[in-house]
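[1] below are the sequence and a predicted model for it; my questions follow.
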Amino acid sequence: MLLREAHLGEYETLKGNEKYEYIIDAVEFQSRSKLGKGVSQFESLLEQFDLSGKVDDDLRRHILELQQVRHVLVHRNGIVDKRLLQACPWIVPGVGKTVFIDHEIYEMYYDAVLKYAFEIGDRAFTKLYKPKQESDIS
């Protein structure tokens, strides 16, 4: 059950987009045990809406790296930690070194996010607008 009775009153007080965000948060909370890192965490959430799918290995790697580097930039002031190197052992700087994002890496992250966003959009479009086959109709 997505919304438990104890939280129904809270949900009813929300307006517009707040209701959508509340539902997404509830689904995310319920599927938290399935969450992984990188694309896996998004696919786990998308699965709840029958929108999960196959993701190219390079795209998975780039999204994971972006997520982990972002964490280091925001929470560690750009200083590489063991957690980053465990998640992304291909990262060159060692523990204690500073992460540097040049234009080429920025473009790689940007392209990965765009490609993944388009992939999700394509899945949603296909799910909503793909004509039903006669064999699908019962």
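    Yep, that arrived.
[2] phi and psi next, for residue 41.
    Per-residue torsions, residue 41: phi -70, psi -40 (degrees, to the nearest 10).
[3] pull up the gap between it and residue 52, please.
    Going from residue 41 to residue 52 by Cβ to Cβ, to the nearest Å gives 11 Å. For the C-beta atoms, the positions are set from N, CA and C on the backbone; glycine is no exception.
[4] equivalent analysis for residue 9, please.
    32 Å.
[5] so those two - more neighbours on which side?
    Legend: neighbour count by other Cβ atoms under 10 Å for residue 9 and residue 52, higher for residue 52 (17 against 8).
[6] which SS class is the residue nearest in space to the middle of the chain?
    Compute the mean C-alpha point of the chain, and by Cα atoms, centre = their mean the closest residue is residue 42, 3.2 Å away. Of the three states, residue 42 takes helix under DSSP: H, G, I helix; E, B strand; the rest coil.
[7] list phi and psi for residue 100.
    Dihedral angles (degrees, to the nearest 10) for residue 100: phi -120, psi 130.
[8] who's in contact with it?
    residue 93 (Cβ atoms under 8 Å, 6 or more residues apart in numbering).
[9] run the chain-centre distance for stretch 40-49.
    For stretch 40-49, the separation from the chain centroid amounts to 8 Å (computed by Cα atoms, centre = their mean, to the nearest Å).
[10] then stretch 78-98?
    So, by Cα atoms, centre = their mean, the centroid of stretch 78-98 is 21 Å from its chain's centroid.
[11] and the helix or strand encompassing residue 107, how far out from the chain middle?
    Taking DSSP states H and E as the definition, residue 107 sits inside helix 103-129. Put simply, helix 103-129 sits 11 Å off its chain's centre (Cα atoms, centre = their mean).
[12] in that helix, what's buried?
    Neighbour-count burial for helix 103-129 flags 108-109, 112, 116, 119-120, 123 (criterion: 16 or more other Cβ atoms under 10 Å).
[13] out of these, the closest to residue 64 would be?
    residue 112 (9.6 Å; Cβ to Cβ).
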